[in-house]
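Asker: Below: sequence and its predicted model.
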Amino acid sequence: MAQSDSIDTENWLSSPGIIGTLVLMAIILIVAVLIIVARLNSYVSGLNEKRQRNQRLEFSEELANLEEGDIDNILEKRKQSLKYQLKGTELGSDYEAKDEKGLIQAVTNEPDNPIADEKKRAGEALETPEKLKQLVVFYIGAAAFWLVFGTLVGQYLGMKFIWPELDNISWLSFGRLRPVHTNAVFWGWASLAMYGLGYFVIARTSNTKIYNYIWGWFAFVLINLAVLLGSLFLMGGINNGGGEYREYIWPVMLLFAIGLVINFLNFYKTVANRKISEIYVSNWYILGAMVWTIVLIIIGYLPFYQNGLGETVTQGYYMHQGVGMWFMTFTLGLLYYYLPAALNKPIYSYSLGVLAFWTQMLFYTMIGTHHFVFSPLPWWLQTVAIVFSAGMLIPVIAGTTNFLMTMKGSFHQISKSYILPFFLVGVIYYFVGSAQGSLQAFRFTNYVWHFTDFNVAHSHITMYGIITFMLWACIYAILPRITGKEPPQLLVGAHFWLAFIGLFAYAISLMAGGTLKGLSWVEGLPFIESVIMMKQYWVSRAIGGTLMFISHLIFAYNIYLMVRQDNGVKSNIKSSADLKESKAHV
């Protein structure tokens, strides 16, 4: 392209996009270090408590070996110590603070700071109607299955980068399995998890029951059927062409679309029948995401205007809207409920939430073309996409600020909570991944990174680091509250660290390799040299992917432990209708 002739890669490290990306990756490292330090402090505190218990045990054993007179003398001194009263001047008034008896364990200058936001246990179980409980459990359970299946396919594909001769079966070829992986985790894992969590939010924030449970089950069957048939067709070589994330043929996607419309009507009717006057901000995001996705599927699959460059424009719109207006918007809506609920405090700013919502609706609709910079598309259209990509910093900064300020005062609990680390990582990746996407839209960085493995790293930072970590946080926050069962802390910790370390290794290796690959192309080196150079980075990718997949197996087992019951999915927490019926019998 003539416009690219002026691109200079000699000082590529000084590019704002490159520098910004390095800074964003450093933020992830800092967060990881902070979490590790908090966990180590908690471990050291546990060792100190154990040492103190041993000292008390030794003291008891010493008492057992003393004479009766010595024991009476010690007990008398203990009685006198119990009668000691504070004078009120130890840590207050105008006097110098004194604590001669060592009674004070901690001091805070923030009276509004809660003592503990989220303990290791989820707390008191929520009274949930049995029908709603079953719907949520089945949606999340099916989502966990598709996560394991989809990432098993992804793990196999990652291994084929290292051993390309791993098989010679057409059904297992890279071209067929790659869309199986992406679509299974898109429409199977993330979508079903969002629906399950969304049903609880819609009912809870509307203070009413779900409009029609049968609709929810009908949509559940349709969506799972769509993912199952779509995966089989893709493996058989039957697809919709090269459009990324819309490889399902239209009859299969029609099943998903019908399920989407049914769930939207169910959600909308539930909100319309709410018992309170206000519509909570979560419902704005959830209903907005569903409306946009209905429009998105219609635009993505209607064929009559998708000829020539029209196909390219539609693909950019569909691909980016699918991530931003479906997964991102819906998941942010979930976060506006589950994060403050888990911390037992209100969201920091309702206004920031509304600002982030409307600016996301404005800017996200025009950024799809930044995937086709230096393409035959009009130069002005590419520029508009880049400008709107930069504008996305407004909702991202607004949302990140809102979530972090909601967590303010609770960071010290990160060593005692297994939910907060998932929330924190999801929010940090929300800022890092979204900001990095805006930087990647700039012409120079696009020139270097386009068509390289860097884009694979970016997509995993967003769909995995943001969406998946946020969904995990929400699932761990609510499932124990409605089933009365919690997974072992060790397994939850293993899930978090394997997923976190695996993603970081996966993303960093592909970002570094993708950058070097792009620079080699700019320099005009033979393509095969970039392939040979990438082998070491693909090995790191496979290692990181393996850690991530193992974490998914642990997550699925944790789900099983949380929903396992002696009689189906019924929990030991009765709904109000069950309680009334029991009282009537009594």
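Answerer: Noted; the coordinates are in hand. Numbers count the residues shown, from 1 in each chain.

Asker: which non-adjacent residue is nearest residue 126?
Answerer: Spatial nearest neighbour of residue 126, excluding adjacent residues (C-beta to C-beta, 6 or more residues apart in numbering): residue 481 at 4.5 Å. (Glycine included, C-beta is placed from N, CA and C.)

Asker: Mind jotting down where the helices sit in the stretch 401-550 of the chain?
Answerer: Assigned by DSSP state H, counting those that start in this stretch, the helices in the stretch 401-550 of the chain fall at 420-440, 443-449, 454-460, 469-483, 489-522, 527-533, 535-563.

Asker: Please read the previous query as pertaining to the stretch 251-400 of the chain.
Answerer: Using DSSP H, counting those that start in this stretch, helices in the stretch 251-400 of the chain cover 281-301, 309-321, 329-343, 350-363, 379-391, 393-407.

Asker: Ok, which of those comes nearest residue 373?
Answerer: helix 379-391 (5.1 Å; C-beta to C-beta).

Asker: can you state the direction angle for the closest one and helix 309-321?
Answerer: 0 degrees (axes from the mean of the first three to the mean of the last three C-alpha atoms, to 10 degrees).

Asker: how about helix 379-391 as CSV, C-alpha atoms only?
Answerer: Extracted as CSV, the C-alpha positions of helix 379-391 are listed here (Å, rounded to 0.1, in the frame of the first residue of the first chain):
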residue,chain,number,x,y,z
TRP,A,379,-8.6,5.2,4.4
TRP,A,380,-11.1,7.4,6.3
LEU,A,381,-12.9,4.3,7.5
GLN,A,382,-9.7,2.9,8.9
THR,A,383,-9.0,6.3,10.6
VAL,A,384,-12.5,6.3,12.2
ALA,A,385,-11.9,2.8,13.6
ILE,A,386,-8.5,3.9,15.1
VAL,A,387,-10.0,7.1,16.6
PHE,A,388,-12.9,5.2,18.1
SER,A,389,-10.5,2.5,19.4
ALA,A,390,-8.7,5.3,21.3
GLY,A,391,-12.1,6.5,22.5
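
Asker: returning to what we had before: where among the helices of the stretch 401-550 of the chain is the average confidence lowest?
Answerer: Confidence, taken as mean pLDDT, is least for helix 443-449 of the helices of the stretch 401-550 of the chain (a mean of 88).

Asker: how far is that one from where the chain is centred?
Answerer: 28 Å (C-alpha atoms, centre = their mean, to the nearest Å).

Asker: what sits up against it?
Answerer: 4, 7, 9, 12, 15, 17-18, 21, 370, 373-374, 386, 439-440, 455, 514-515, 518-519, 522 (C-beta atoms under 8 Å, 6 or more residues apart in numbering).

Asker: Filter those residues down to just the buried residues.
Answerer: 12, 15, 17-18, 21, 370, 373-374, 386, 439-440, 455, 514-515, 518-519 (16 or more other C-beta atoms under 10 Å).

Asker: May I ask which two of those are separated the most?
Answerer: The most distant members of the buried ones among the contacts of helix 443-449, if one measures by C-beta to C-beta, are 386 and 519, lying 21.2 Å apart.

Asker: which of the helices of the stretch 251-400 of the chain is buried the deepest?
Answerer: helix 329-343 (a mean of 25; mean count of other C-beta atoms under 10 Å).

Asker: re earlier: residue 77 is nearest to which of the helices of the stretch 401-550 of the chain?
Answerer: Per C-beta to C-beta, nearest to residue 77 of the helices of the stretch 401-550 of the chain: helix 489-522, 40.0 Å.

Asker: picking up where we left off before, as TSV, the helices of the stretch 401-550 of the chain with distance to residue 228 would be great.
Answerer: Converted to TSV, those look like this (distance: least, C-beta to C-beta, whole Å):
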stretch	distance to residue 228
helix 420-440	28
helix 443-449	35
helix 454-460	24
helix 469-483	21
helix 489-522	26
helix 527-533	35
helix 535-563	18
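
Asker: Buried deepest among those helices, which one?
Answerer: helix 469-483 (a mean of 25).

Asker: could I have that one exported to CSV, CA atoms only?
Answerer: Only the C-alpha atoms of helix 469-483 are listed here, as CSV (Å, rounded to 0.1, in the frame of the first residue of the first chain):
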residue,chain,number,x,y,z
PHE,A,469,-11.5,-14.8,35.1
MET,A,470,-14.6,-12.6,35.8
LEU,A,471,-17.0,-15.5,35.2
TRP,A,472,-15.0,-17.7,37.5
ALA,A,473,-15.1,-15.1,40.2
CYS,A,474,-18.9,-14.8,39.8
ILE,A,475,-19.4,-18.6,39.9
TYR,A,476,-17.3,-19.0,43.0
ALA,A,477,-19.2,-16.1,44.6
ILE,A,478,-22.7,-17.5,44.0
LEU,A,479,-22.7,-21.3,43.7
PRO,A,480,-21.7,-22.0,47.3
ARG,A,481,-24.4,-19.5,48.4
ILE,A,482,-27.2,-21.3,46.6
THR,A,483,-26.1,-24.9,47.0
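
Asker: If you count contacts, what does it end up packed against?
Answerer: Judged by 3 or more C-beta pairs under 8 Å, 6 or more residues apart in numbering; DSSP states H and E, helix 469-483 is in contact with helix 130-162, helix 191-206, helix 329-343, helix 420-440, helix 489-522, helix 535-563.

Asker: switch to 7 Å and redo it
Answerer: helix 130-162, helix 191-206, helix 329-343, helix 420-440, helix 535-563 (3 or more C-beta pairs under 7 Å, 6 or more residues apart in numbering; DSSP states H and E).

Asker: Could you dump those helices into a markdown table and include distance to residue 212?
Answerer: Listed next are those as a markdown table, based on distance: least, C-beta to C-beta, whole Å:
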| stretch | distance to residue 212 |
| --- | --- |
| helix 130-162 | 10 |
| helix 191-206 | 11 |
| helix 329-343 | 20 |
| helix 420-440 | 31 |
| helix 535-563 | 23 |
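
Asker: rewinding a little: please identify which of the helices of the stretch 251-400 of the chain is closest to residue 30.
Answerer: helix 393-407 (13.7 Å).

Asker: Need the mean per-residue confidence for the closest one.
Answerer: 94.

Asker: what's it in contact with?
Answerer: 332, 335, 339-340, 343, 345, 347-349, 352-353, 355-356, 359-360, 363, 424, 427, 430-431, 434-435, 438 (C-beta atoms under 7 Å, 6 or more residues apart in numbering).

Asker: That one versus helix 350-363: what angle between them?
Answerer: Using the same axes, to 10 degrees: helix 393-407 against helix 350-363 is 150 degrees.
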